[in-house]
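below is the structure, and that's it, no one-letter string:
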């Protein structure tokens, strides 16, 4: 058995608390060592400044900070949640943690990963800020929008987990007729991911071509499906669902081409407005059967109860296994698919 380098401690930012509790619950099942959720307080001042206070010692501990930057349930924006993360990291650094790992199920600004005209590469800036003064040693995330983001980090180690690790077992139980099923990405950029799913599920594959208007946010000018979907059950694979515009267009196109059942599958179900309205409508029209996502991004209990078209698969155990091995300095290769 590999010996721990330092005692494992979990710290949660306020927006990451629900996910942190699930991860800690799973960690306590698998870890031979005591897993402690550090008591901390996140203070939001009247002028919107944020401060994190650690209410107990973390000196010499291997600290894992969990933050869900896409949890807006209490009015916190992505930027608010980022500032909360930065103040927590700084508090841990100043309080002499042995090692600091940030656990970010959804990497912020992941879609701003390349330059197109007179603009910044904000995903790179996030890496720079997390690594500031050597504060963060390690980042654990899942299904980066572009795996090249790992290259933005010059010192910190990045482990990019795969949503397929938990989604594929669920799909293998769901799909009964592989010969009449087809996997399809929402764009050509997701072809590699879709091809992996198709290979593992032993299904055919189709492709979705889209032309995006980059002058407008979430705007698609043209969309077409390449491949045979008539009389097939179509499983549309993506890393994230934002407003759902592209996905609903793909669903409509597949249905017009004669698809039978249509299921959407993603790791990060952000569901920014007007996503819910779009999926409610598609479900009521009978063109959408199911959307499968994970709890890597927060959904309210009301949402999970009311949205009959949505099924959530947990990645808490997956993250817990990764954290436990990282703490023990053991390989996680077999967890990366």
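Perfect, I can see it now. The model shown is predicted, which means the values in this text are computed figures rather than measured ones.

tell me the contacts of the closest residue to residue 296 other than its chain neighbours?
Counting by CB to CB, 6 or more residues apart in numbering, residue 105 is the residue found nearest to residue 296 once chain neighbours are left out, at 3.7 Å. Using the backbone N, CA and C atoms, a C-beta is placed for each residue, glycine as well. Residues near residue 105 by CB atoms under 8 Å, 6 or more residues apart in numbering: 19, 68, 141-142, 268, 296-297, 315, 319.

now residue 105: how far from residue 332?
16 Å (CB to CB, to the nearest Å).

for the stretch 151-300 of the chain, what spans make up the strands?
157-161, 181-185, 204-205, 207-212, 220-226, 233-241, 262-269, 290-294 (DSSP state E, counting those that start in this stretch).

Throw the ones you listed into a markdown table and include mean pLDDT, thanks.
Listed next are the strands of the stretch 151-300 of the chain as a markdown table, based on pLDDT from 0 to 100:
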| stretch | mean pLDDT |
| --- | --- |
| strand 157-161 | 97 |
| strand 181-185 | 97 |
| strand 204-205 | 97 |
| strand 207-212 | 79 |
| strand 220-226 | 81 |
| strand 233-241 | 97 |
| strand 262-269 | 98 |
| strand 290-294 | 98 |
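
now those strands in TSV, with mean neighbour count and distance to residue 195?
Converted to TSV, the strands of the stretch 151-300 of the chain look like this (neighbours: other CB atoms under 10 Å; distance: least, CB to CB, whole Å):
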stretch	mean neighbour count	distance to residue 195
strand 157-161	18	18
strand 181-185	25	8
strand 204-205	18	6
strand 207-212	16	10
strand 220-226	14	14
strand 233-241	24	10
strand 262-269	26	14
strand 290-294	22	19
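
picking up where we left off before, nearest to residue 166, of the contacts of residue 105?
Nearest to residue 166, judged by CB to CB, of the contacts of residue 105 is residue 315 at 5.4 Å.

run the angle between whichever strand or helix holds residue 125 and strand 157-161 for me.
Under the criterion of DSSP states H and E, residue 125 resides in helix 122-130. With axes from the mean of the first three to the mean of the last three CA atoms, to 10 degrees defining the directions, helix 122-130 sits at 130 degrees from strand 157-161.

for helix 122-130, which positions count as buried?
123-124, 126-127, 130 (16 or more other CB atoms under 10 Å).

just stretch 76-88 next, same as before
76, 80-88.

dump the residue contacts of residue 208.
Contacts of residue 208 (CB under 8 Å, 6+ apart): 184-188, 223-226, 236, 250, 253.

name the nearest of those relative to residue 290.
Taking CB to CB as the measure, residue 236 is the one of the contacts of residue 208 closest to residue 290, at 10.6 Å.

which residues does the closest one bridge with?
Under DSSP bridges, the beta-bridge partners of residue 236 are residue 184, residue 264.

between the two ends of stretch 27-43, how far is it?
By CA to CA, to the nearest Å, the extent of stretch 27-43 from end to end equals 27 Å.

mean confidence for that stretch?
Averaging pLDDT along stretch 27-43 gives 92.

cool, stretch 72-82 as well?
Rounded mean pLDDT across stretch 72-82 is 95.

circling back: CSV for the buried residues of stretch 76-88, including distance to residue 157?
Formatted as CSV, the buried residues of stretch 76-88 follow (distance: CB to CB, whole Å):
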residue, distance to residue 157
76, 28
80, 27
81, 23
82, 20
83, 24
84, 23
85, 18
86, 19
87, 23
88, 19
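
mind listing the helices in the stretch 201-337 of the chain by residue range?
245-256, 275-285, 301-306, 316-328 (DSSP state H, counting those that start in this stretch).

so which elements touch the first one?
Using 3 or more CB pairs under 8 Å, 6 or more residues apart in numbering; DSSP states H and E as the contact criterion, the elements in contact with helix 245-256 are strand 207-212, strand 220-226, strand 233-241, strand 262-269, helix 275-285.

wait, which of the buried residues of helix 122-130 is closest to residue 278?
Distances from residue 278 to these, taken by CB to CB, are shortest for residue 123, at 26.3 Å.

distance of that closest one from residue 112?
Residue 123 is 5 Å from residue 112, by CB to CB.

now residue 326
On the measure of CB to CB, residue 326 and residue 112 end up 27 Å apart.

hmm, back to that, out of the helices of the stretch 201-337 of the chain, nearest to residue 206?
Short answer: helix 245-256, nearest of the helices of the stretch 201-337 of the chain by CB to CB, at 8.2 Å.

what does the closest one contact?
By CB under 8 Å, 6+ apart, helix 245-256 touches 184, 186-187, 208, 210, 218-220, 223-225, 229, 234, 236, 238, 241, 262, 264, 278-279, 282, 287-288.

could you chop this structure up by domain?
8-162+316-335, 164-313 (automatic domain parsing).
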